[in-house]
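This is the structure alone, sequence omitted:
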């Protein structure tokens, strides 16, 4: 992470720091306003840049954007990122412990082109260094470490290349812009802003166990999205590769462009953003290529500024995966409610999830639990204290998680497993 950050700083001369503090209203009337020497605007139209989240997703306009801003000639620049060192202890017979590092670094550059705006983004992670099996996380499922078996009770690492994208937006009428987003890899118009790009999710260092119902497409090798943004409303559609990333985390995979999605987003106020989306994913799992998935999601994120360096953000999201074809075609739902409150240097966060899981016991037909859908509830509570150091902050914190599960799987997981994490994180604040 240190190497990546250093390279990004060297490649972006003339940097000036800025943090979009809580309550800083970057509404459409502020679009193009200089912040810390940067004149960066919304990537998809004439609105404040704080509305932009992952891919082409939106978040509330009042959400904090912690980044290093700058200007290099005609280019406005931004750097955002974090690295987290975590000790993870997952309880019960199927748990485990591990110390690992998770990281993300994103660089963005933007400039006018004709009457429109060109935005380039590059985002990467050194997660592959934690190993192909990722880290222990009870009831997490999805992807594979060896191309043969699905990861169960483990959270997979992210790929080295998380996003390499170009976006061009062009005004069509007063308050109306059209845009085109091309990425290899990138994120289609499906689901809410990815958990690591919304404060209510970023505060918690562990991935949601509902990840593959909501935002697992945030690393997709091949995406083309077109849409229209009209003041507080955005309509968009994508064609993209449905297949999940494979176990080779260091490469760029071949785009297939065999799936599609549509999404509508509405920001009725500066503090609120909601979306509904639908996608058809062609053969998303390499282990079960005969099964396609219809995914439906809806979410709302609420952000309340309560003073300088004080705010409260919450997200509620629902996702449904409806499988079609093959022996693994099932319908399952996931619900997530997460919240984070920052008061000066202290942050408290919580997440509650309810998820249907049918992958916990694999495909062993001799096991009576194999292939059955089990409803799991997980509740996590944690917090951290931040120490500012120049343009970054050091966070020191922890969290604890408890579960509710059907009696049928308690012999495998234990009657009352408890999990916890201790972490130290460095993140860019500006």
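Received, thanks. Model, not experiment: these values are computed from the prediction.

quick one: the helices in the stretch 151-300 of the chain?
199-202, 211-214 (DSSP state H, counting those that start in this stretch).

what residues does the last one touch?
Under the contact criterion C-beta atoms under 8 Å, 6 or more residues apart in numbering, helix 211-214 has outside partners 140-142, 155, 191-192, 195, 208, 295, 297, 299, 317, 319-321, 332-334, 336, 355. Every residue, glycine included, has its C-beta placed from N, CA and C.

now the helices of the stretch 151-300 of the chain in a markdown table, with distance to residue 161?
Listed next are these as a markdown table, based on distance: least, C-beta to C-beta, whole Å:
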| stretch | distance to residue 161 |
| --- | --- |
| helix 199-202 | 20 |
| helix 211-214 | 19 |
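
For residue 131, find the nearest of the ones you listed.
Proximity to residue 131, assessed across the helices of the stretch 151-300 of the chain by C-beta to C-beta, is greatest for helix 211-214 (18.5 Å).

rewinding a little: deepest of the helices of the stretch 151-300 of the chain, which one?
Among these, ranked by average contacts under mean count of other C-beta atoms under 10 Å, first place goes to helix 211-214 (a mean of 27).

Nearest spatial neighbour of residue 362, chain-adjacent residues omitted?
Nearest residue to residue 362, sequence neighbours excluded (C-beta to C-beta, 6 or more residues apart in numbering): residue 370, at 5.8 Å.

Quick check on that neighbour: phi, psi?
For residue 370, the backbone dihedrals (degrees, to the nearest 10) come out as phi -60, psi 130.

can you pull the contacts of residue 146?
Residue 146 touches 132, 247, counting by C-beta under 8 Å, 6+ apart.

Is it located within a helix, as I assumed?
No: secondary structure of residue 146 (DSSP: H, G, I helix; E, B strand; the rest coil): coil, not part of a helix.

distance of it from residue 264?
39 Å (C-beta to C-beta, to the nearest Å).

what do you get for residue 204?
Distance, residue 204 to residue 264, by C-beta to C-beta: 27 Å.

neighbour count winner among those two?
Each of residue 204 and residue 264 has its neighbours counted (other C-beta atoms under 10 Å); residue 204 has more, 25 against 15.

That one contacts residue 348, correct?
No: using C-beta atoms under 8 Å, residue 204 makes no contact with residue 348, being 10.8 Å away.

who touches both of these two?
Counting by C-beta under 8 Å, 6+ apart, the shared contacts of residue 204 and residue 348 are 340, 382.

now the strands for the stretch 301-430 of the chain?
With strands called from DSSP state E, counting those that start in this stretch, the stretch 301-430 of the chain shows them at 310-324, 331-343, 346-357, 374-389, 392-404, 418-428.

other SSEs contacting the longest strand seen in the chain?
Counting residues, the longest strand found in the chain (DSSP state E) is strand 96-113. Using 3 or more C-beta pairs under 8 Å, 6 or more residues apart in numbering; DSSP states H and E, the elements in contact with strand 96-113 are helix 2-11, strand 75-90, strand 116-124, strand 135-144, strand 161-173.

buried residues in it?
For strand 96-113, burial by neighbour count (16 or more other C-beta atoms under 10 Å) applies to 96, 98, 100-111.

will you turn the residues you listed into JSON lines that also has distance to residue 276 and pLDDT?
Formatted as JSON lines, these follow (distance: C-beta to C-beta, whole Å; pLDDT from 0 to 100):
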{"residue": "96", "distance to residue 276": "37", "pLDDT": "96"}
{"residue": "98", "distance to residue 276": "37", "pLDDT": "98"}
{"residue": "100", "distance to residue 276": "35", "pLDDT": "97"}
{"residue": "101", "distance to residue 276": "36", "pLDDT": "97"}
{"residue": "102", "distance to residue 276": "30", "pLDDT": "96"}
{"residue": "103", "distance to residue 276": "32", "pLDDT": "96"}
{"residue": "104", "distance to residue 276": "27", "pLDDT": "96"}
{"residue": "105", "distance to residue 276": "31", "pLDDT": "97"}
{"residue": "106", "distance to residue 276": "26", "pLDDT": "96"}
{"residue": "107", "distance to residue 276": "31", "pLDDT": "96"}
{"residue": "108", "distance to residue 276": "27", "pLDDT": "96"}
{"residue": "109", "distance to residue 276": "31", "pLDDT": "97"}
{"residue": "110", "distance to residue 276": "28", "pLDDT": "97"}
{"residue": "111", "distance to residue 276": "33", "pLDDT": "96"}
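
Can you lay out those residues as JSON lines showing distance to residue 250?
Converted to JSON lines, the buried residues of strand 96-113 look like this (distance: C-beta to C-beta, whole Å):
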{"residue": "96", "distance to residue 250": "24"}
{"residue": "98", "distance to residue 250": "20"}
{"residue": "100", "distance to residue 250": "17"}
{"residue": "101", "distance to residue 250": "16"}
{"residue": "102", "distance to residue 250": "16"}
{"residue": "103", "distance to residue 250": "14"}
{"residue": "104", "distance to residue 250": "16"}
{"residue": "105", "distance to residue 250": "16"}
{"residue": "106", "distance to residue 250": "18"}
{"residue": "107", "distance to residue 250": "19"}
{"residue": "108", "distance to residue 250": "23"}
{"residue": "109", "distance to residue 250": "24"}
{"residue": "110", "distance to residue 250": "28"}
{"residue": "111", "distance to residue 250": "31"}
